[in-house]
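# Any chance you can model this:
(2 chains)
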Amino acid sequence: MVQTRRDFLKRTAALSAASYLGILLPFKDVGNALAADETTWHRGSCRLCGTGCRLELGVKSGLPVALRGVPQSRTNMGYLCMKGMHFWKLMNHADRLTTPLYRAKKSDKFKKISWDEAMNIAADKFASAVKEHGNNSVAYYGSGQALTEETYLFQKIFRGGLQTNNVEGNPRLCMASAVGGYMTSFGADEPIGGYADIEKADCFFIIGSNMAEAHPVIFRRVMRRKLDNPKVTVINADPRISLTSRIADIHLQFNPGTDLALLNALAYVIIDEKLHNEQFINDYVTFKKSKGDTIDFEEYKKSLVDYTPEKAATIMGGKVTADQIREVARKFATSKGTLSMWTMGLNQRKQGVWANNLVHNLHILTGQLLKEGADSLSLTGQPNACGGVREGGGLCHILPGHRPVEKEAMRNQVEEAWGIPKGRIPAEPGLHTMAMFSAVNEGKIKAMWINCTSPAQSLPNCNKYNKGLAKDDTFVVCTDIFPTLTTELAANLVLPTAFHFEKTGVYGCTERRSQITRKAINPPKGAKPEVEIVRDWATLLAKKLNDPVIDQCIKPFIGLEPEYALPKAIWEEYSQKLTKGRDSDLSGAPYEVLEGMYDGVQWPAPTVEYAKTGGTVKKFVRGMDPLAEKLKTDDKPYQFYGAGHPDHKLWVWMRPQANPEEMPDADYPFYLSTGRIIDHWHTMSMTGRIPELLRANPYSYIEINPKDATRLGIKPGDMIEITSRRGTNIMPAKVYEGPIEGMVFAYWHDQHPDRMINKVTMDAIDPGSKEPEFKICACKIKKVSGPQALKPYVV
Amino acid sequence: MVIAGFVVQCQPQSQQDTVVALEALGQVEVFGADEKGNIVTVVDTDSSADLEKIVKKMESLEQVMTVGLTYLNMEDEAEKIASGELSPDPFPRKHRPEN
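A predicted model of the protein is given here:
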């Protein structure tokens, strides 16, 4: 019987799914007639969240024709979500940018120009800004979606070449508080464990994360663990009931911003009921009131008397009871392994670092760390916020390899690695994101490069910052694959770039894991990889500024073809010279090693032999982490060698409940919170161009609790005006038992001027991490009409 | 022709009901299942748009916990997009800034 192509593909699909489960199907050979299938498979990572799912792109005749998961991958076990299923459509999309575009004034129309003209303009503008206004008049604003090689090269040119630390990226808007939390609690950035703990955990504490929509493949793993082991407890703490809540045994729903009281109350119960791990505390823990003020256990314990379960339940309002708090504390402390996971619900807060500290406190007090199934795991929102930006030097205060800018010895190490004069990198950290865009407003930034992100939509209180971006005071270069609100509003020069799988490079996901994606197809004619663009731009900059040090910065990369040799050389320099000897050591993971792995390498991985095992699953554990052995200070099994804690201890912090910057009042009586929806990614510049994803959620809406809706006469679909002290949106109502009474919730992907919720959100920042408080502000709502037909909008 | 393989996850006790419900959707074929409630499922549709609709229906079934993609072939559609016969642009316009 002749097998058709359709039969062949269906059997291939079935065999693929069956192989994940070890199920034998009654056919193995998918057909001799089709054995000579011309599809070639190219392994890489998905780029539409921070999970780091591994997949293979099938390519035939230069076209992306198929996708399949990589079942051996320890990130996703081969499973993919629906966003990941559609990204291939962006590769030959009609809207792709394919030629440089220029306008002298932002009110002008763009005109097409050649790459030579574009590079000359970009170099001229940055050179003249430096000459006329000084080094700090230029800035780079990058992305947690840029490859590590890209972020690293950009920051090298800005710091070493243009002598400014004005190097920032959008992870400031999502991950900075997690960095602050890890640094202050554990003495080192990034988690101790990782996803491997999911299958060992007996208790999940999910707080401030809707992982079912934002990280669906991780959610799948948690659900599988729960289904396989019904005694596993899932606790979800969130002011909003989300899709994640449906697997929760206990859902704690409270007024926004009161979770610091909850976390302190859990610590209170743990200590009050003697559920803490006294030996672990004696061996490994320091208690802190402030950085310079060490206290003892008794003083810390005393500080918690304001957070008895009864008092905390009162502070939290809502539906939480004292007994629930006690039950959660007991389960957290006594399970064989407790795994906490969170995302922006904790990070995007004025008390974001404190909220992170308080979760870490619970793990430290109970010893729910460093063992199988136990970890305090911040989930990353973007695919390379950790690898590129946190590790690769993409924030204004951190040089590559987790080196603080303000330390001279650290700067000197980098200067030596780059072969540039000592003192070349400025001693002062640059402007953090919100300060950078404030400086744009003030006309202090004269030339800015925005790479792979759209701050005109993603900054909080964006009306305020878009005024500056729209002015001609700041010359703006945007590198991107599609037009965005930022290219429309702010760019003078738009440079078309290659997309994922159209170039080669590394992403580092949530769990300290670096994974390579090799170029599999050609970008549209006219688009280039960023590393080629930056190298060519820097070559011209060196001439225009007559600065041999800029030449020195790019000397190792001159003449290399940009598809593989160039990113390889950049990774080689970064991994071998900048991570070697640091906690994020990836010197054992050159491209050759990464290419041989299904799922990359977890740092520290100081040797090739070790990296080939997959690297370090648990940091700080002797026998599991080579640095724990190398840097040990005593014979104890755990060694906290992070540079942030000279006493080599974990720090438990006193962090009181503190209100958000803006609380509801008589004029603005509702809390407003925002977040993602499963079908869309960030500012929708990609997912809004995929018909299937757009149709699933063509525009944003505002979720309103049914009790509030009844009180205000609001029915599903009614058009609702949402107003804060900063701006107004109008979008349809979704009346839904999601947000707690007194709170509304909006999705932030929508580009339409009426529905761009960051016009309404707040730009108060955490004083430590400088991350804005997207998640909470005060607003008022009113019905302006019944349902209206709306059109989706993508720029 | 767009063909995709999925592992559909449900409660073990509702596996039989889930298989029936999946197959009732049409364009869905079940190839096997394990005792943990994992169901090997293949969806065969004319287009990505149809596939998306089927998957949404699968996800909305009461018994279904997750729908995990393991394989996707969209070669016909990719060739049509590359040749210009089909546009993945959801908007009836070219909207490049230069236009």
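# all strands for the stretch 451-600 of chain A, in order.
Applying DSSP state E, counting those that start in this stretch to the stretch 451-600 of chain A gives strands spanning A:475-480, A:493-496, A:505-509, A:513-517.
# Kindly report the same for the stretch 651-795 of chain A.
Using DSSP E, counting those that start in this stretch, strands in the stretch 651-795 of chain A cover A:670-675, A:702-704, A:719-723, A:728-735, A:743-747, A:777-785.
# so which of these is the most packed in?
strand A:702-704 (a mean of 26; mean count of other CB atoms under 10 Å in any protein chain shown). In short, each C-beta sits where N, CA and C put it, glycine included.
# Which elements pack onto that strand?
Where contact means 3 or more CB pairs under 8 Å, 6 or more residues apart in numbering or on different chains; DSSP states H and E, strand A:702-704 is packed against strand A:719-723, strand A:728-735, strand A:743-747.
# Check the residue in the stretch 451-600 of chain A that chain B sits nearest to and give its pLDDT.
As assessed by CB to the nearest CB, chain B sits closest to A:Pro483 within the stretch 451-600 of chain A, at 5.2 Å. For A:Pro483, the model assigns a pLDDT of 97.
# hmm, back to that, okay, the helices and strands packed on strand A:702-704 in CSV with mean pLDDT and distance to chain B next?
As requested, the helices and strands packed on strand A:702-704 are arranged in CSV below (pLDDT from 0 to 100; distance: least, CB to the nearest CB, whole Å):
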stretch, mean pLDDT, distance to chain B
strand A:719-723, 98, 22
strand A:728-735, 97, 16
strand A:743-747, 97, 17
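# of all those, which lies closest to A:Pro26?
strand A:743-747 (45.1 Å; CB to CB).
# Can you tell me what sits against that closest one?
A:239-240, A:255-256, A:670-677, A:680, A:697, A:700-705, A:708, A:722, A:729, A:731, A:738-739, A:757, A:760, A:779, A:781 (CB atoms under 8 Å, 6 or more residues apart in numbering or on different chains).
# partners of that strand, with directions?
If you go by DSSP bridges, strand A:743-747 pairs up with strand A:670-675 (parallel), strand A:702-704 (antiparallel).
# now the shortest one, how far from the chain's geometric center?
Here strand A:702-704 is found 25 Å from its chain centre; the criterion is CA atoms, centre = their mean, to the nearest Å.
# do the longest one as well
On the basis of CA atoms, centre = their mean, the separation between the geometric centre of strand A:670-675 and that of its chain is 20 Å.
# got it, and stretch A:230-241?
From the chain centre to the centre of stretch A:230-241 is a distance of 23 Å (CA atoms, centre = their mean).
# anything in that stretch near chain B?
No. Stretch A:230-241 lies out of reach of chain B by CB under 8 Å from any CB of the partner chain, never closer than 10.1 Å.
# got the end-to-end distance for that stretch?
The straight-line separation of the ends of stretch A:230-241 (CA to CA, to the nearest Å) is 22 Å.
# Ok, stretch A:290-303 next?
Note: stretch A:290-303 ends 13 Å apart using CA to CA.
# which strands and helices sit next to the host helix or strand of A:Arg326?
Element membership for A:Arg326 (DSSP states H and E) is helix A:322-334. Counting contacts by 3+ CB pairs under 8 Å, 6+ apart, helix A:322-334 is packed against strand A:203-207, strand A:233-237, strand A:250-252, helix A:259-272, helix A:309-316, helix A:352-366.
# pLDDT at the nearest residue to A:Ala527 once chain neighbours are set aside, what is it?
Distance criterion CB to CB, 6 or more residues apart in numbering or on different chains; nearest residue to A:Ala527, sequence neighbours excluded, is A:Pro496 at 4.2 Å. A:Pro496 is assigned 98 on the pLDDT scale.
# Least confident secondary structure element in chain A?
helix A:82-86 (a mean of 83; mean pLDDT, DSSP states H and E).
# which secondary structure elements does the next helix or strand after it contact?
Downstream of helix A:82-86, the first helix or strand assigned by DSSP H and E is strand A:101-102. Judged by 3+ CB pairs under 8 Å, 6+ apart, the packing partners of strand A:101-102 are strand A:111-112, helix A:115-133, strand A:493-496.
# can you map out the helices along chain B?
B:15-24, B:48-60, B:75-83 (DSSP state H).
# Mind putting those into JSON lines with distance to chain A, mean pLDDT and mean neighbour count?
Formatted as JSON lines, the helices of chain B follow (distance: least, CB to the nearest CB, whole Å; pLDDT from 0 to 100; neighbours: other CB atoms under 10 Å in any protein chain shown):
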{"stretch": "helix B:15-24", "distance to chain A": "11", "mean pLDDT": "95", "mean neighbour count": "17"}
{"stretch": "helix B:48-60", "distance to chain A": "4", "mean pLDDT": "92", "mean neighbour count": "19"}
{"stretch": "helix B:75-83", "distance to chain A": "4", "mean pLDDT": "88", "mean neighbour count": "18"}
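# count of residues packed around the closest residue to A:Ala764 other than its chain neighbours?
Closest residue to A:Ala764 apart from its sequence neighbours, by CB to CB, 6+ apart: A:Glu661 at 3.5 Å. Using other CB atoms under 10 Å in any protein chain shown, A:Glu661 has 19 neighbouring residues.
# Model confidence for A:Glu661, exactly?
98.
# Kindly report the same for A:Glu132.
With respect to pLDDT, A:Glu132 scores 98.
# Check A:Met1 too.
On pLDDT, A:Met1 comes in at 55.
# Go ahead and confirm A:Pro455 touches A:Thr484.
No. Using CB atoms under 8 Å, A:Pro455 makes no contact with A:Thr484, being 9.4 Å away.
# so how far is A:Val65 from the closest residue to A:Thr75 other than its chain neighbours?
Setting aside the residues directly before and after it, A:Thr75 is nearest to A:Gly52 in space (CB to CB, 6+ apart), at 4.4 Å. According to CB to CB, to the nearest Å, A:Gly52 and A:Val65 sit 24 Å apart.
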